[in-house]
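**Q** With the sequence up front, the predicted model follows.
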Amino acid sequence: MLFDSHAHLNDEKFAEDREETIRRAHEEKGVARIVNVGFNRETIPPTLELAETYEFIYAAVGWHPVDAANCTDEDLRWIASLADHPKVVAIGEMGLDYYWDTVPRAVQEELFRKQIRLAKEVDLPIIIHDRDAHEDVVRILREEKADEVGGVMHCFGGDQTIAKQCLELNFYIGLGGPVTFKNATLPKEIAAMVPLDRLVVETDCPYLAPHPFRGKRNESAYVGLVAEAIAEIRGLSVEQLQQATYENACRLFRLS
C-alpha cells in the first residue's frame, strides 16, 4: 500500500500515455493514493480534472515561487475558493527558490507569506517548495505560525538541523528519488534520522526519477523504489515502511 504524496501527472510529458501511466501505478504497483499538485494558472485546472476523474487522486493548489511575479490577488482569491473543493487536500506548492532565482526574493517572500495566511484561513496543510533557501523558509514558517496547520517539506533537501526545525514546526518530511542515488549522502542521513511517523514518500513525477531510472521520466509507479530504499536504510521491511508512510500521508492530508 503506497501513497505518492507529490506528483505532477498533468505534465505534458504524460500527454501521450497519461491514462496508462496512472493505471500502471494504481493497478500494477499498488499506489493506492496520489496527491497531484497544481502550482499556477496553467496547472491548477488539469490537476482538479484529474482529481475529479480518479477516485484515488487528490489535489493540492497553490503558487510556485518561480512564478511568483505572475500571481495576482485575484489568483489568490481563486485558490482560496478552491479550498472548498472536496478533493483539494492542501495549499501549495509554495515557498522559496534561490536556485533558479528568476524572481526577486522579496517578491517570493511576500507571496509565500500570503499563501501561508491563506492556508491558515481555509485550514488546510501546506506543501513547501524549498530550494537552496532553507534558513529563510524556516524563519518565515516560524514567523507566520505555520505550525497551526502544518504540512510537508516536499522533496526535502536540507540537513539534519533544518529537518529538526521543520519537525518542531509540525511539518512532515517528504523524500523522493534522490534518496535512491548512490552518492546522495544527505537524503540518506535524513531518511535515517526522521521519526518514522513523520516521513512521507513522493515521486515529484515527471522529475527526479529514482535509480535505476535516473535521468528518465519519473512516474508514480516508481514511488515503491523510494520506499524500498528508505526501508533498507532504516532496517525495516518494505511492508512496514509502506504502511507507515501511507498512514502518515493520510494523516497529513486528513484522509480517512
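**A** Looks like it came in fine. Keep in mind that this is a model prediction, so the values were computed, not measured.
**Q** quick one, strands of the stretch 51-200 of the chain?
**A** 57-61, 88-97, 126-131, 151-153, 171-175, 199-201 (DSSP state E, counting those that start in this stretch).
**Q** so what secondary structure elements neighbour the last one?
**A** Yep, that's strand 199-201 we're talking about. Under the contact criterion of 3 or more CB pairs under 8 Å, 6 or more residues apart in numbering; DSSP states H and E, strand 199-201 touches strand 2-7, strand 171-175, helix 223-234, helix 238-252. Heads up, the C-betas are built off the backbone N, CA and C, glycines and all.
**Q** Not counting its own residues, what contacts that strand?
**A** 2-5, 152, 172-176, 191, 223, 226-227, 230, 244-245, 248-249, 252 (CB atoms under 8 Å, 6 or more residues apart in numbering).
**Q** Check the first one too.
**A** Strand 57-61 is touched from outside by 9, 22, 33-38, 44, 47-48, 50-51, 79, 82-83, 85, 87-93, 127, 253, 255, with contacts defined as CB under 8 Å, 6+ apart.
**Q** and if you look at the fourth one?
**A** Contacting residues not belonging to strand 151-153 are listed as 5-6, 90, 92, 119, 125-128, 130, 163, 166, 170-174, 200, 252 [CB under 8 Å, 6+ apart].
**Q** how far out from the middle of the chain is it?
**A** How far strand 151-153 lies from its chain's middle: 7 Å, per CA atoms, centre = their mean, to the nearest Å.
**Q** if you average pLDDT over that strand, what comes out?
**A** Strand 151-153 comes out with an average pLDDT of 98.
**Q** Give me the sheet partners of it and which way each runs.
**A** Taking DSSP bridges as the criterion, strand 151-153 forms sheet pairs with strand 126-131 (parallel), strand 171-175 (parallel).
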